[in-house]
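J.: predicted model and sequence follow; I will ask about them next.
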Amino acid sequence: MNKIQLGVIFGSRSCEREVSIISAVQLMGHVNQELYNVIPVYISQQGVWYTGEKLKDIKTFQRFQPDQPGIERVMLDVTSASGALLAMRPGKGLLHHPEQVVVARMEVCLIVMHGLNGEDGTLQGLLEMANLPYTSTGVAGSAIGMDKIMMKQFFRGADLPVLPGEYFTRTRWRSERKEVLDAVEAGLEYPVFVKPANLGSSIGVSRADNRSELQEALDLAFEYDRRVLVEKGLDHPVELNCSVLGYDEDVQASAIEMPLIGKGDDMLDFFGKYLSSGSSKGMAGLSRVLPAPIGEALTAEIQELSKKIFRLMDCKGVVRIDYMFDRATEKLYITEINTIPGSLAFYLWEQSGIRYSELIDKMVQYARQAWEDRNERNYAYHSDILSSVSLGSKGSKGAKGSKW
């Protein structure tokens with residue numbers, strides 16, 4: 001049996017690039033080598049694409065040197081269904097003209113991106129144009145899932161439970177600082193959480209308990225994005241996360257985790273998520289209670305709500321949906337959806353009896369199924385419109401003999 005040529009794409013121009021590297025190297029170590037030939041594809045901070053066996057080793061990225069043996073600069077051939085990674089190599093013969101060669105050819109793309117330029121629909125759009133199967137949620141769902149402001153509006157429009165919030169632009173903040181602070185205080189009660197619209201891993205997120213802290217939090221958040229969400233906070237909520245796996249009508253929810261945060265804290269910051277364990281396990285290294293001790297009723301509510309969100313956003317592969325539970329009111333609120341979660345949430349599926357290698361198999365299966373569905377569309381509609389159009393010098397509106 002021929003192995004599937006599996007391109008694992010990671011890195012990119014994102015504040016979460018390092019988290020992506022950890023997740024990708026972790027994943028490549030769990031791929032079933034009998035079924036797949038893994039082709040690592042690393043997109044650098046400068047947006048340059050590379051491949052090579054060296055990219056499977058986490059040590060390569062501790063001081064990345066792209067000109068070392070085992071790494072080669074490539075570009076994707078976007079011709080429909082090609083999947084080729086092309087490189088320029090010195091030619092043979094007297095003149096040594098460079099030659100373009102096919103270094104590898106991907107059959108399925110497994111996206112392990114976190115943040116902008118990869119998780120936000122941009123890479124998904126490129127792979128749609130290139131007509132390649134890929135494992136993550138599609139263009140629209142990825143874009144909504146990345147932007148916290150649009151995400152909240154989407155959930156609110158679907159009558160799903162979200163906390164009250166306001167959003168602002170950097171332009172308005174620079175010109176109307178007092179008015180922005182007044183607007184937050186008029187619409188929301190402290191504490192509030194201030195979040196860049198298009199970032200994950202809690203980067204740039206902070207809590208404000210008064211006007212002075214709110215100003216500092218907005219200054220920080222606007223360093224990372226031009227649009228910022230200010231959201232009502234809860235006092236010492238319970239954080240709960242649930243993963244969903246599937247595509248189309250085949251959807252299942254994982255066990256639910258309760259991440260453990262420091263005493264007196266209200267949120268997990270970047271350090272708590274990725275560095276506090278002193279290891280490079282990504283989200284898999286986070287301290288948690290799994291399954292969360294929340295009772296059968298709340299567990300079932302979260303799992304059903306998670307599957308509903310997955311279907312509404314037409315998700316694919318593996319996602320993780322984060323919640324806040326208010327002990328005082330016993331109300332559940334959606335925090336966000338991660339369309340490519342850290343460590344691909346494999347630890348939640350292991351609790352559900354699915355090994356990481358099997359999770360990868362399922363993601364590849366769904367990627368191929370979605371690709372086949374997409375290619376069932378009829379692109380062959382023909383009409384006589386071109387034969388009847390004469391543009392002339394005035395364009396289509398002024399064309400004589402045209403109906404347009």
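T.: Sure thing, it's come through. What you are looking at is a predicted structure, and each value in this text was computed from that prediction instead of being measured.

J.: which helices and strands does the longest helix seen in the chain pack with?
T.: Determined from DSSP state H, the single longest helix within the chain is helix 356-374. Helices and strands touching helix 356-374, by 3 or more CB pairs under 8 Å, 6 or more residues apart in numbering; DSSP states H and E, are strand 108-112, strand 238-247, strand 316-326, helix 346-351. Placement of C-beta: from N, CA and C, glycine included.

J.: dump these to TSV, plus mean neighbour count and distance to Ser390.
T.: Converted to TSV, these look like this (neighbours: other CB atoms under 10 Å; distance: least, CB to CB, whole Å):
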stretch	mean neighbour count	distance to Ser390
strand 108-112	26	44
strand 238-247	23	47
strand 316-326	23	45
helix 346-351	22	60
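
J.: as JSON lines, the ones you listed with distance to Ser175 and mean pLDDT would be great.
T.: Below are the helices and strands packed on helix 356-374 laid out as JSON lines (distance: least, CB to CB, whole Å; pLDDT from 0 to 100):
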{"stretch": "strand 108-112", "distance to Ser175": "38", "mean pLDDT": "98"}
{"stretch": "strand 238-247", "distance to Ser175": "36", "mean pLDDT": "97"}
{"stretch": "strand 316-326", "distance to Ser175": "33", "mean pLDDT": "97"}
{"stretch": "helix 346-351", "distance to Ser175": "45", "mean pLDDT": "95"}
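
J.: can you map out the helices along the stretch 201-350 of the chain?
T.: Secondary structure of the stretch 201-350 of the chain (DSSP state H, counting those that start in this stretch): helices located at 211-224, 270-274, 296-312, 346-351.

J.: equivalent analysis for the stretch 51-200 of the chain, please.
T.: Along the stretch 51-200 of the chain, counting by DSSP H, counting those that start in this stretch, helices occupy 122-129, 139-146, 148-157, 170-175, 177-187.

J.: pull the residues that contact the fourth one.
T.: For helix 170-175, the surrounding residues in contact (CB atoms under 8 Å, 6 or more residues apart in numbering) are Glu179, Val180, Leu218, Phe222, Asp225, Arg226, Arg227, Val228.

J.: so which bits of stretch 303-311 are buried?
T.: Residues of stretch 303-311 classed as buried: Gln303, Leu305, Ser306, Lys307, Ile309, Phe310 (neighbour count, 16 or more other CB atoms under 10 Å).

J.: and stretch 117-126, by the same measure?
T.: In stretch 117-126, counting by 16+ other CB under 10 Å, buried: Gly118, Glu119, Asp120, Gly121, Thr122, Leu123, Gln124, Leu126.

J.: of those residues, which pair is most distant in space?
T.: Maximum pairwise distance in those, criterion CB to CB, is 13.1 Å, between Glu119 and Leu126.

J.: now restrict the contacts of helix 170-175 to buried residues only.
T.: Applying 16+ other CB under 10 Å to the contacts of helix 170-175, the neighbour count classes Val180, Leu218, Phe222, Asp225, Arg227, Val228 as buried.

J.: that older thread, out of the buried residues of stretch 117-126, which is nearest to Asp235?
T.: Glu119 (30.7 Å).

J.: for the nearest residue to Leu127 once chain neighbours are set aside, grab the count of nearby residues.
T.: Closest residue in space to Leu127, ignoring its immediate chain neighbours: Tyr134 at 4.6 Å, by CB to CB, 6 or more residues apart in numbering. Neighbouring residues of Tyr134 were enumerated by other CB atoms under 10 Å; the total is 26.

J.: low pLDDT regions in the stretch 301-404 of the chain?
T.: Counting by pLDDT under 70, the ranges of the stretch 301-404 of the chain that qualify are 393-404.

J.: make it 80
T.: 379-382, 392-404 (pLDDT under 80).

J.: just the stretch 101-250 of the chain next, same as before
T.: In the stretch 101-250 of the chain (pLDDT under 80), the answer is 199-202.

J.: which stretch among the helices of the stretch 201-350 of the chain comes nearest Pro237?
T.: helix 296-312 (13.3 Å).

J.: can you list the residues that contact the closest one?
T.: With contact meaning CB under 8 Å, 6+ apart, helix 296-312 is reached by 154-155, 158, 160, 240, 242-244, 246, 251-253, 256, 291-292, 294, 315, 319, 321, 323, 325, 332, 334, 337.

J.: measure how buried Thr299 is and give me the count.
T.: Thr299 has 18 nearby residues by other CB under 10 Å.

J.: next: Asp209.
T.: Per other CB under 10 Å, the neighbour tally for Asp209 reads 12.

J.: my read: it touches Tyr190, true?
T.: Yes. Using CB atoms under 8 Å, Asp209 and Tyr190 qualify as a contacting pair, with a distance of 5.2 Å.

J.: and the residue nearest the centre of the chain, how far is that from Lys59?
T.: Nearest to the mean C-alpha position of the chain, by CA atoms, centre = their mean, lies Glu119 at 3.0 Å. As judged by CB to CB, to the nearest Å, Glu119 and Lys59 stand 25 Å apart.

J.: kindly report the same for Arg73.
T.: Distance from Arg73 to Lys59, by CB to CB: 20 Å.

J.: and Gln369, by the same measure?
T.: From Gln369 over to Lys59 the distance is 36 Å, taken as CB to CB.

J.: these two: which has the busier surroundings?
T.: More crowded of Gln369 and Lys59, by other CB under 10 Å: Gln369, with 15 against 8.

J.: how about that one, nearest residue that isn't a chain neighbour?
T.: Tyr247 (5.9 Å).

J.: equivalent analysis for Lys3, please.
T.: For Lys3, ignoring the flanking residues on the chain, the nearest one in space by CB to CB, 6+ apart is Asn37 at 4.5 Å.

J.: quickly find the element holding the one you found.
T.: Counting by DSSP states H and E, the element that carries Asn37 is strand 36-43.

J.: quick check: can you list the domain ranges of the protein?
T.: Following automatic domain parsing, one finds the domains of the chain at 4-134, 145-160+236-369, 165-232.

J.: Asn375 is in contact with Asn131, isn't it?
T.: Yes. Under the criterion of CB under 8 Å, Asn375 makes contact with Asn131 at 7.4 Å.

J.: more neighbours: these two, which one.
T.: Relative neighbour count places Asn131 above the other of Asn375 and Asn131, with 15 against 12, counting by other CB under 10 Å.
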